[in-house]
Structures are given as C-alpha cells and as structure tokens.
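Here is my input, please return the structure:
(2 chains)
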Amino acid sequence: MRYSKMLLPTLKEDPAEAEVISHKLMLRSGMIRKLAKGIYSCLPLAQRVFNKVQQIIREEMERAGAQEVTLPGVQPSDIWKESGRWEMYGKELLRFKDRNNRDFCLGPTHEEVVTDLIRREIRSYRQLPLNLFQIQTKFRDEIRPRFGLMRCREFVMKDAYSFDVDEDAAQESYNRMFDAYIRIFERCGLDFRAVEADTGTIGGSFSHEFMVLADSGEDAIVSCDSCNYAANIEKAEVKPPDTDIDNETLSRMKEARKVLTPGKKTVEEVTDFLKIKPDRLVKTLIYETDKEAVAVLVRGDHEVNEIKLRNLIDCNDLSLAGDDLIIKTTHAPVGFSGPIGLDIRIITDNAVSQMCDFVTGGNEKDTHLINVNLGDFKVDRYADLRVITNEDPCPRCGGKLSFKRGIEVGHVFKLGKKYSEALGATYLNARGREESIIMGCYGIGVGRTIAAAIEQNHDSNGIIFPTSIAPFQVMVLPINMDKSEVRDKSEALYISLKDEGYDVLIDDRDESPGVKFKDADLIGIPIRLTLSKKTSKDDMVELKVRRTQEVIMVKKDDLLDEIQKYLQYS
RNA sequence: CGGGACAUGGCUCAGCCUGGUAGAGCACUGCGUUCGGGACGCAGGGGUCGGGGGUUCAAAUCCCCCUGUCCCGACCA
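All right, here's what the predicted structure looks like:
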C-alpha cells in the first residue's frame, strides 16, 4: 500500500473527546472516527487490523471444529418472547417496528436466532455435536458507551454456539472453546487471564471471562498467587468462616443498649463517634426488588456485592431502597437502620455470624444500639454476600490473592438447557427419546480486543502493534525523495518485499523526514526501513524496530533474514 | 436516570466575567526555498460562534428552553 493513496488521517494532537490511551491513539492514528455516541467508522488502517484479528479467530475456530455462518442482525420479537428476554433485556435491546407494525430488534447477541435455526434442523443425536460461529456487527444500546472501541453500542463480535447431547459432551465443547480462546489471545500478543465470572443476562450455569490486564480496564479481578484460581471480583467467592463462636465468648455477650448518635449516619461517623473500629459495626442496607424489600447485613468495613445478592434472591430489578421506603420499613430516617424489629426478610453475610457485641442502627432517629448479638433478631438466611477484600484468602487453597484490573475481551458460557428448553430445541437419542440440546455460547469483542492490544502495546510516540495483528509488517520510509536513486531503490525494495509476501506500506508522500518519522511511530508498524542519500551511498538499509527502538544498518542481501528475525519477537 | 463539565473554521484552543468590526496555532490551496525527528517565506480559501427563544440600539458574550458530546455514579456483555 502507498501512503500517498491511503486514507490515513493522522492527528498531531489528542482529540478532546478521548480519555483513555487506546481511544486517543486510535483517533490520532486515523483508525477510527466517531459518527455518534458509541458508533464508529473503521478506516482502512483499522480495517486491516480487524482483518488480521478475524483471520486468527477464524483459523482457531475452525481448528476447534466450529463452522462459520452469518445470522441475521435484525431479529423478530417472537423468538425473544419465547426465550423470555424480550421483557428481561431492557433498554439495551434496540427495538423498532417494521412497516407492518411488527416488533423487531437489532441483535445484541444471537442465542435466540441460532436456537431457532437448530430446532428446525436438528432431529437426531447423530447430527451432534455441532458448533456454529459468526463474526458480525452487534448492537447494544449501552447506558454509557465510552472509551472509543472499548465500550461501543455498535461493535464487531465473534459469537459461537455449541450444541451437545449431554453435560459431558457440552463440557468437552466448552473446554475446546476455552483452549481456542487461549490460543487466539496468545496469538494476538496479549497478556491476559481467564477468570471465573458471573453470567449476567446471557444466563446459564458457569462462565469464564478472558481479561486483558490493563490499569484502564473496567473490571477488577483477583487471582491466587499459589493455585490457579482467578475470578472477576463480581464473582469471587469469599471463603466462609470456619469457626463457630465458642461458648466462652457466648457467655460474655452483653445486653443490647440504646445510645444517642445525633446526626451520625455513615459508618465512619458512627464508629468515630463511638470510638470503635468499623469491623465492630453491622451495616443494615435496605434493598428494593420488583417483589419485596429485603434487609442485607454486612460488617461495617465490608461492601455488599449486588451481583451475589441478585443471584441469591432471584428477582429482575434490584436497587438500594429510596428514602421513602427506608422510612416506611425502619420507621427512621436514612442512616439509622438496624435489624432489630424489622418485619422484612433479613439476609446476612457470613462474616456477621462471627461477630458479637456489635453496633447497629436503632431504627429511630439519632439512635444506634451497642452490644447487639445474633440472638437479638431473626436472620432468614446467611450467605456469601460481600465483595472480596485484599484481606481475604483464596477460596480454593487459602493462599494470598492479587488484585488487578482487566478488559473483558472474551466470555465463554455453559448455557445448559436455558435456550433449548425455552425454544424447544430437541433431538432424539439412541433409544428414541426426545431430549433437550445442551448449549454453550462463546463471544469475543473484536474491536475491544484491538483496543486492549493498544492499551498494552504503546509508548509516548504511539502504537506498537504486535506483529500478528499489525496492519502492515514492514514500512518503507524514503527520505531525500528528490534524489532519484533513493526513490528508485525504495520503489524496488517495496516491490520486492511485496513479492516476498509481506504486508508493506511505503511512505511515498512528499513530506519532511520529521513528519514521516512521527507518523511511522504513531501507526506502530513493527519494522521501519529507512532509505536516504546516506544509506544509498553504500547500498545499505536502516532497519528500526518499533518496539525496542533498536536501529541497525543492514546490507541488502541480509535484509530478508533480518526482517524475519525481528518480526518473530515483536 | 442522578451529579459535573463542555459546545467558536477540519483539529487543538483563545475571546464570554466587563455586550460594540470573529481570532491564534496546526491542517488545507498556490508559488518559492528547505529536506534524518511534526521546516520556512509570501499569497490565499474556509466559521449564520450547536439549535430555538428572550433582553438590548447592538449578543459568540447576559437570561430561558432544547440538542449533542465528555467525565463520575447507578446500570450493564
């Protein structure tokens, strides 16, 4: 490709709209341009990177036995009503009507469509297992799109769906996809972790997320230093306390007593006022669901994990109660809620079971209770309800946990029969009995993978693409273009490298050397070959490695070997 | 949806407080010089100051409404 002919509009300055590094660099390097919030055009440079990543994905999907299809992006409401997600999915699902006033949506994911296809085509266990994948544009009307391609509304996703006869076979499909994902992200040159994750609105029983490690990541993850446990913090289990309160402690428990705490509402205010540590206090949080109000008790220095809570109490909507509901249920203003005397369900975090003589709200303005004990109120249920902290041990082996931030680039789910039962996707087994198909689904955000790669591979001058996904492998950069020998040698080199099968960009623009060098660094091509009147005198080429800044002078004859060598480790 | 900020030429921004001829740098066009890390000179083109309403002799500037964008939060694969 010739730079002079390519739509490659680089920017000198950071655009005002971008916050994170990958977003800034993708705009500056002329990869993307915004059309509307969370909706981007992908320019030629980015398209080449998309093609590279998609090619890696295709190769690994096919290696794992998946077949490529293309499913419709516009989907009728019927199948979404069958799965129950027309009601569940909420505003993220972009809905509209056709000319006949029928309801449609833009596909945010394709479980319904693919299950509909399969229920019509699969009859026998002999046709299974099956795995279908596609690479396609999805639309999710995100509440808050941000960070460029990191969280878009319209985005390119690889999604795959597996269909198996039983749990064991489904586990095998899951494992095969898991391994394929490892290979894909390794081939893309990413530093990542596979972590246990919550299944969210996709549903199903079990899932792993693939997290690219980056401080700008929106997710927090924990991983064990001793064993292979790793999880999204939303999912990370807290090891349950293994001791009961002993009798001696029980015998020392005191009688609950009111104390006045005028205007002291927050944990910090109350514990400062009473001169105790936050772990001597029990927070009472009132949550509101579509069905009921519940009280949730956690230790003062712990945070409620709303995902765990949501999974535990099985409801559609869950949120902290508003002031009105708190006054109605506790008969006190916000800040003085306590468990004693409440007539709603009380769900308590496991850690509270270890506490005695603690402080709670008094359900009365400006009042707290001290020396409260578990016998003083009824607990409907104990459960793991809190966010894991860096004081908690690994839930598997008891080892030390590390906390990191990550960008979710892939997610694999075991769906079980959730969609096959809802939509009636069945097969006949060897004994002629009808069974529901066991499904799995597997997603990769292609654009997000690219953004994540840039988050991990850049310096102050611009992007440093991993060779496997770089838009070009080699850039030929002639300066002193007024000298015909430089021009001719550059052209010849460009042609010969293309003939060797390399992706080559030649900067044939009539620009000053500084401009060319800056742009070359910005767009991050792994290898830059500079030709000038200096180099052409003794028939050498200057090779610069983008990642290491290393510069070497190479003889023409050795050039291919040197390029090969450097491409391998960048 | 709640809180905050912003909207002036393609980009980055000044001008607004204190109303009175729309500016700078970069980019773009032409000519010339220059050519190893975002060159220089000369000459040009391009903006109904996000939209609507109001106040005023006069609004980019003051007031109201709307829209869009960004950040934080809630929410979310």
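
and whatever residue of the stretch 251-400 of chain A ends up closest to RNA strand B, what pLDDT?
Across the stretch 251-400 of chain A, the shortest distance to RNA strand B (Cβ to the nearest atom of the strand) belongs to A:E306, at 4.9 Å. (Each C-beta comes from the backbone N, C-alpha and C, glycine too.) You'll see A:E306 listed with a pLDDT of 85.

Now do the contacts for it.
By Cβ atoms under 8 Å, 6 or more residues apart in numbering, A:E306 lies in contact with A:L318.

And A:T389, by the same measure?
Counted by Cβ under 8 Å, 6+ apart, A:T389 has contacts A:D301, A:H302.

now swap in the one 5 residues further on and tell me
The neighbourhood of A:C394, defined by Cβ under 8 Å, 6+ apart, consists of A:C224, A:S226, A:C227, A:Y229, A:K239, A:K400, A:L401.

For the closest residue in space to the last one that isn't next to it in sequence, name its beta-bridge partners.
Among residues not flanking A:L401 along the chain, A:V222 sits closest, at 4.7 Å (Cβ to Cβ, 6 or more residues apart in numbering). Beta-bridge pairing of A:V222 under DSSP bridges involves A:A231, A:F403.

Could you report the distance from A:V222 to A:F465?
30 Å (Cβ to Cβ, to the nearest Å).

Neighbour count for these two, which is higher?
Between A:V222 and A:F465, counted using other Cβ atoms under 10 Å, the more crowded position is A:F465 (27 against 24).

can you confirm the more buried one is in a strand?
No: with DSSP: H, G, I helix; E, B strand; the rest coil as the criterion, A:F465 is assigned coil and is not in a strand.

Angles on the backbone of it, please.
Per-residue torsions, A:F465: phi -70, psi 140 (degrees, to the nearest 10).

With A:R396 instead?
Here is the backbone geometry of A:R396 (degrees, to the nearest 10): phi -90, psi -50.

distance of it from A:E234?
A:R396 is 17 Å from A:E234, where distance means Cβ to Cβ.

More neighbours: which of those two?
A:E234 (20 against 14).

and that one, what element?
Of the helices and strands defined by DSSP states H and E, none includes A:E234.

Once you drop chain neighbours, what's closest to it?
A:I307 (4.5 Å).

Identify the residues contacting that neighbour.
A:D198, A:E234, A:K235 are the contacts of A:I307 under Cβ under 8 Å, 6+ apart.

ok so it is a helix residue?
Yes: counting by three-state DSSP, A:I307 falls inside a helix.

A:K414 in helix, strand or coil?
Following three-state DSSP, A:K414 is assigned to strand.

Okay, now the unreliable bits of chain A?
A:201-205, A:244-248, A:250-251, A:316 (pLDDT under 70).

Would you map out the domains in it?
Following the assignment in automatic domain parsing, chain A carries domains at A:18-237+A:402-454, A:247-383, A:472-568.

I'd like to know which of those is closest to A:M6.
Closest to A:M6 of these is domain A:18-237+A:402-454 (Cβ to Cβ; 5.8 Å).

Strands of the stretch 301-450 of chain A, start to end?
Assigned by DSSP state E, counting those that start in this stretch, the strands in the stretch 301-450 of chain A fall at A:318-320, A:345-349, A:358-361, A:367-372, A:381-383, A:401-416, A:426-428, A:434-436, A:438-445.

typo on my end, it should be the stretch 1-150 of chain A
Per DSSP E, counting those that start in this stretch, the stretch 1-150 of chain A carries strands over the ranges A:32-36, A:39-42, A:67-68, A:74-76, A:95-97, A:103-106, A:130-139.

With mean neighbour count as extra columns, can I get the ones you listed in a markdown table?
Output for those, formatted as a markdown table (neighbours: other Cβ atoms under 10 Å):
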| stretch | mean neighbour count |
| --- | --- |
| strand A:32-36 | 14 |
| strand A:39-42 | 16 |
| strand A:67-68 | 13 |
| strand A:74-76 | 16 |
| strand A:95-97 | 11 |
| strand A:103-106 | 18 |
| strand A:130-139 | 19 |
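
May I see these organised as JSON lines, with distance to A:V409 added?
Below are these laid out as JSON lines (distance: least, Cβ to Cβ, whole Å):
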{"stretch": "strand A:32-36", "distance to A:V409": "17"}
{"stretch": "strand A:39-42", "distance to A:V409": "17"}
{"stretch": "strand A:67-68", "distance to A:V409": "20"}
{"stretch": "strand A:74-76", "distance to A:V409": "25"}
{"stretch": "strand A:95-97", "distance to A:V409": "28"}
{"stretch": "strand A:103-106", "distance to A:V409": "22"}
{"stretch": "strand A:130-139", "distance to A:V409": "14"}
